[in-house]
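In: Mind folding the following:
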Amino acid sequence: MMRQRLFLVVSIMLVFLIVACQNQPSEKGKTIQTDIGKIKIKGKYTKSDMDQFIKFYKSLTEAAEKEDLEMSISFFAPEFEKIAGIKIDELKENTAVVYRDYDNIKYTTSNVKIIITGNSALTIDDYEYKADPTIKGLKPLHYKGKEKIYWKKTGDKWQIINWIYE
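Out: As a prediction, this is how the structure comes out:
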């Protein structure tokens, strides 16, 4: 009987320890292999933080390929308008025009780096964006370079406050 109780108590403690470790800040400066590739990350973060950044990069590619307007703008914070100087409605309209006038949209990223400091983060990656026009006279789109995305964490949610292409 005592042995069963001890086993039960140890099992419960082990579950609590596993859950607590998943939500504790990680060590600094490491490379993580994910299903979107390798990500270099510095700073203190939780599994939930990492999951959100991975979801963002997956959604970015998926939204472009599916031409999903709502998914494309779902990560932007209201502060984006003040900081970047672009209204979210204008961003949505511009994206809708691209989705209307272009097909075969491909957006890829690589060499993702994430730097987290408290409730702020910066992601830096290499990107390539291609699209074929559906309207005669339009040129194909092809952009390639680095992008820096500035993030703010509110509660448990990371949102974009600025996005700069180089």
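
In: just the strands in the chain please.
Out: 30-34, 37-42, 102-117, 120-133, 141-154, 157-165 (DSSP state E).

In: I'd like these written out as TSV, with mean neighbour count added.
Out: In this view, the C-beta of every residue, glycine as well, is placed from N, C-alpha and C. Output for the strands of the chain, formatted as TSV (neighbours: other C-beta atoms under 10 Å):
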stretch	mean neighbour count
strand 30-34	11
strand 37-42	16
strand 102-117	16
strand 120-133	17
strand 141-154	15
strand 157-165	17
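
In: out of those, which comes closest to Thr95?
Out: strand 102-117 (10.4 Å; C-beta to C-beta).

In: For the closest one, name the packing helices and strands.
Out: Counting contacts by 3 or more C-beta pairs under 8 Å, 6 or more residues apart in numbering; DSSP states H and E, strand 102-117 is packed against strand 37-42, helix 47-66, strand 120-133.

In: any idea of the angle it forms with strand 157-165?
Out: Between strand 102-117 and strand 157-165, the angle comes out at 110 degrees (axes from the mean of the first three to the mean of the last three C-alpha atoms, to 10 degrees).

In: Which residue is the nearest non-sequential neighbour of the spatially most central residue of the chain?
Out: Geometric centre of the chain, nearest residue: Phe56, 2.7 Å, by C-alpha atoms, centre = their mean. Residue nearest to Phe56 in three dimensions, not counting chain neighbours: Phe75, with 5.6 Å by C-beta to C-beta, 6 or more residues apart in numbering.

In: Got phi/psi on the one you found?
Out: phi -90, psi 0 (degrees, to the nearest 10).

In: now Asp156
Out: Dihedral angles (degrees, to the nearest 10) for Asp156: phi -110, psi 10.

In: OK, contacts around it?
Out: Contacts of Asp156 were listed using C-beta atoms under 8 Å, 6 or more residues apart in numbering, and they are Ser48.

In: And it, what's its pLDDT?
Out: Predicted confidence (pLDDT) for Asp156: 91.

In: so how far is Glu166 from it?
Out: 30 Å (C-beta to C-beta, to the nearest Å).

In: re earlier: distance to Ile88 added to the strands of the chain, as TSV?
Out: Conversion of those to TSV gives the following (distance: least, C-beta to C-beta, whole Å):
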stretch	distance to Ile88
strand 30-34	28
strand 37-42	27
strand 102-117	19
strand 120-133	19
strand 141-154	15
strand 157-165	10
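
In: between those strands, which one is nearest to Glu81?
Out: Short answer: strand 157-165, nearest of the strands of the chain by C-beta to C-beta, at 9.6 Å.
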